[in-house]
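Undergrad: The following comprises the amino acid sequence and a computationally predicted model.
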Amino acid sequence: MQSLVAAEEGTIRKDWGGKIAIALVYPNTYTVGMSNLGFQTIYWHLNQMPDVVCERAFLPDPEDLDELRRSGTAPFSLESLRPLTDFHMIGFSVTFEGDYLNVLRLLGLAGIPLRARDRRAQDPLVMMGGVCAFSNPEPVAPFMDFIAVGEGEELAREIVAAYRDDFHDRETFLDRLTALDGIYVPERYDVVSDADGFVAAVTPRASARPIVTKRRLRDVNAFETISLVKTPNAEYGHMALLEVGKGCGRGCRFCLEGQVYRPVRHRTVDALRETVKKLAADGATRIGLVGACVSDYPWIGDLLDAVQDAGMEVSISSIRADSLSDSLASALARGGHRTLTIAPEAGTDRLRRVIRKAITDEQILAACDLVRHRGIPNLKTYFMIGQPTETLEDVEAIGELAGRMLDRLRVLDPTGKPFGRLTLSISSFVPKPWTPFQWARFDGADSLARKLDVIKKAVRRFSNVRVLHENPREAALQALLARGDRRVADFLEIAAGFDGDWRRALREWDGDPDFYTTRTRTIDERMPWDHFDVGVKKAGLVREWERAHAEEPVGAGAPRRPAATRAGGGCANLGAPSPTRSGAGCAICGSPSPTAATSAASTACPKRNTSGCRARRSCISRKSAGSSTSSSRWASTRCG
Ligand code: SF4
């Protein structure tokens, strides 16, 4: 651990005297956690408060874990090496359901009672934030004293203020927190299931509110989201990361990020230009742009110019095939990109229509041409298997499409260099709450394994095609945790008792995983997360679920720069500029446009259905529907 800190630039060290001590914990390894921009941002914001000392902790690597266990040493913070029990609060940043197991392992190693109700006065308060907190925190809720539901930049300050002003004992402090928008105190809610196992009622106690409303940051320009700690030990640690905005208006039906971070809020290019200059002055030479769909940033050209003017190189996680312009490809090639990433998500246009991803085969092939024209040697593609309505033909089409892409890629670039490698990264579709596919069934590990075999067999004849995928059984675990209710907490507790051996825990648990995963849910079923309001209307999800099955054609065409002032002209549903359909509402999401006359001056609705990102770790940012097992999480989404 000490060698990790020694290799860092930008570590914040503060004296503890009289301060509120917060351990910010990423329940995965240092490499994964330090690749997460949200984690870094909260670390910085908390330490900006003079009376707070915030230190980081991570899940130790396996060999260090063994050593901790052998020696009976509690997990400790990076900066001062203090055990987690020395802190007033422990905040877990959770962006991947699979990390729930690590949360419990860390608490157990620290000697902190797992269940909130069992904690004593001297125990730290345990809280959780991150996208899992506002997706469906129910499986992990019994282990949390409180949960921050929503974007944390402002909420973190309010939690600290409440602690500073009013901490006498746990109960009165939690009482006070329940008054804050975006705070969920699970112990203050009684969850009742009916005889068939369905959630029948969630009843608040005392001062708790019936519905917990997500917090969102209203003025994104007021808070910079940048990485300030540089480290060679994180995947993107060599570059400064900069978030260009929050939310995505594309509305891909599998995508959690595209729903729960609404409305779309782009930072202004002026604000970003200032940040870019500051980063350059601090010595950064390379900048990674982060956001749900960076290539949709309305002023991407101006921003790329600003980066170039500052003398820096630019990197973007993945690009939507239909947004890839020659200038963008050129900028990325200049920035030293050796691999460009796009996400077709499905092998056929039909299935892309179902998932609201309106990229066509032709656009994918055109992207291949640009890659070669600009001399980028490798192409990586993301596909997802197991999506609703998928047939064998859709799966076989992935291999066929790879062959057609290779035909376009196997040309010499302008300098005479040959193409390198085409990578197919195949993830498994995991239905997520708050998406139109929240009612869908998970395909099942055996079915997914057979589909993977079909793809691998189809591309075996190509020497420069590589197939990457995770174990579908890991996806099955994620599917259980993503849509589980509080009874799934028992499974997590058993797994923690087996030191994370969840396969063994599944055998011991008396619950039925299929109830949560491979069953198609009915529209009128109460969901475990229905006592939250994250700004997504169920009626809209139902409409999209039905449209998916109708395979309605979806619009294409890249979103353009929104009107400089969107005052009154936005799509009511998306918080985004409406299309030019005066009086007809948003042509894409179908919601009535509040000021149709104004919106006529706007441009395309960014919620056109095209891209794909999921809670996948092998990219600049986390994805939100595909299973996640690789190792880098810049932020919370990645699209291409
Ligand atoms: S997959 Fe990407 S483009 Fe589609 S909604 Fe999600 S963030 Fe947006």
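TA: Perfect, thanks for sending it.
Undergrad: What is the neighbour count of K537?
TA: Here the count is done by other CB atoms under 10 Å, and K537 has 11 residues near it. Yep, even glycine has a C-beta here, placed from its N, CA and C like the rest.
Undergrad: just for the chain, where's the confidence low?
TA: For the chain, the stretches flagged by pLDDT under 70 are 317-318, 553-640.
Undergrad: List the buried residues of the longest helix anywhere in the chain.
TA: Counting residues, the longest helix found in the chain (DSSP state H) is helix 392-409. Across helix 392-409, burial judged by 16 or more other CB atoms under 10 Å covers 394-399, 401-402, 405-406, 408-409.
Undergrad: What about K538? Give its phi and psi, please.
TA: Comment: the main-chain dihedrals of K538 come out as phi -60, psi -40, following degrees, to the nearest 10.
Undergrad: and M527, what element?
TA: Of the helices and strands defined by DSSP states H and E, none includes M527.
Undergrad: ugh, wrong one, I meant A57
TA: With secondary structure defined by DSSP H and E, A57 is part of strand 52-58.
Undergrad: next SSE after that strand?
TA: Moving toward the C-terminus from strand 52-58, the next helix or strand (DSSP H and E) is helix 62-71.
Undergrad: Show me what that next one packs onto, helices and strands only.
TA: Packing partners of helix 62-71 (3 or more CB pairs under 8 Å, 6 or more residues apart in numbering; DSSP states H and E): helix 100-110.
Undergrad: And for the helix it packs on, what's in contact with it?
TA: Where contact means CB atoms under 8 Å, 6 or more residues apart in numbering, the residues beyond helix 100-110 that reach it are 25, 27-28, 57, 59, 65, 68-69, 74-75, 83-85, 92, 94, 113-114, 126, 128, 132, 139-140, 143, 481, 492-493, 495-496, 499-500, 502.
Undergrad: same deal with stretch 185-196?
TA: With CB under 8 Å, 6+ apart, stretch 185-196 has contacts from 116-117, 137-138, 141-142, 144-147, 174, 177-178, 199-208, 485-487, 528, 531.
Undergrad: Skipping its backbone neighbours, what lies nearest whichever residue of the stretch 251-400 of the chain sits closest to the ligand in space?
TA: Residue nearest to the ligand within the stretch 251-400 of the chain (CB to the nearest ligand atom): G258, separated by 2.5 Å. Closest residue in space to G258, ignoring its immediate chain neighbours: C248 at 4.7 Å, by CB to CB, 6 or more residues apart in numbering.
Undergrad: do the same with V260
TA: V534 (4.9 Å).
Undergrad: For the ligand, give me its nearest residue in the stretch 401-550 of the chain.
TA: Here the stretch 401-550 of the chain gets closest to the ligand at one residue, T435, 9.2 Å apart by CB to the nearest ligand atom.
Undergrad: what's the distance between that residue and E138?
TA: Distance, T435 to E138, by CB to CB, to the nearest Å: 16 Å.
Undergrad: ok, D175 touching A206?
TA: Yes: because the distance of 7.4 Å satisfies CB atoms under 8 Å, D175 is recorded as touching A206.
Undergrad: what sits against E67?
TA: With CB under 8 Å, 6+ apart, E67 has these contacts: 60, 73.
Undergrad: go with 10 Å
TA: Shown here is E67, whose contacts under the criterion CB atoms under 10 Å, 6 or more residues apart in numbering are 60-61, 73.
Undergrad: Considering the residues you listed, which possesses the most neighbours?
TA: For the contacts of E67, neighbours were counted by other CB under 10 Å; the highest total belongs to P60, with 21 neighbours.
Undergrad: Tell me if I'm right that that one and G33 touch.
TA: No: taking contacts as CB atoms under 10 Å, P60 lies outside contact range of G33: 11.6 Å.
Undergrad: Would you map the strands across the stretch 151-300 of the chain?
TA: Using DSSP state E, counting those that start in this stretch, the strands of the stretch 151-300 of the chain run over 183-184, 189-193, 199-204, 212-213, 240-243, 245-246, 265-266, 286-290.
Undergrad: could you dump those strands to CSV with distance to the ligand and mean neighbour count?
TA: Shown next, in CSV, are the strands of the stretch 151-300 of the chain (distance: least, CB to the nearest ligand atom, whole Å; neighbours: other CB atoms under 10 Å):
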stretch, distance to the ligand, mean neighbour count
strand 183-184, 24, 26
strand 189-193, 30, 15
strand 199-204, 27, 16
strand 212-213, 22, 22
strand 240-243, 13, 26
strand 245-246, 11, 23
strand 265-266, 13, 20
strand 286-290, 12, 24
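Undergrad: Could you export the ones you listed as CSV, including distance to R170?
TA: Supplementary listing: the strands of the stretch 151-300 of the chain in CSV, determined by distance: least, CB to CB, whole Å:
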stretch, distance to R170
strand 183-184, 14
strand 189-193, 17
strand 199-204, 18
strand 212-213, 19
strand 240-243, 34
strand 245-246, 32
strand 265-266, 35
strand 286-290, 36
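Undergrad: Looking at those, which is nearest to V220?
TA: Distances from V220 to each of these were compared using CB to CB; the minimum, 4.5 Å, belongs to strand 265-266.
Undergrad: to the chain's geometric centre, what's the distance from that closest one?
TA: The gap between where strand 265-266 is centred and where its chain is centred comes out at 17 Å by CA atoms, centre = their mean, to the nearest Å.
Undergrad: and that strand, what other elements does it pack with?
TA: Based on contacts counted as 3 or more CB pairs under 10 Å, 6 or more residues apart in numbering; DSSP states H and E, the elements that strand 265-266 packs against are strand 245-246.
Undergrad: What strands flank the strand it packs on, and is each parallel or antiparallel?
TA: Taking DSSP bridges as the criterion, strand 245-246 sits next to strand 265-266 (antiparallel) in its sheet.
Undergrad: check contacts around M312.
TA: With contacts defined as CB under 10 Å, 6+ apart, M312 is in contact with 239-240, 276-277, 279-280, 284-287, 306, 335.
Undergrad: Kindly report the same for G311.
TA: By CB under 10 Å, 6+ apart, G311 lies in contact with 280, 284-285.
Undergrad: again, only this time at 7 Å
TA: G311 is in contact with A280, counting by CB atoms under 7 Å, 6 or more residues apart in numbering.
Undergrad: ok, now I355?
TA: 252-254, 345-346, 387.
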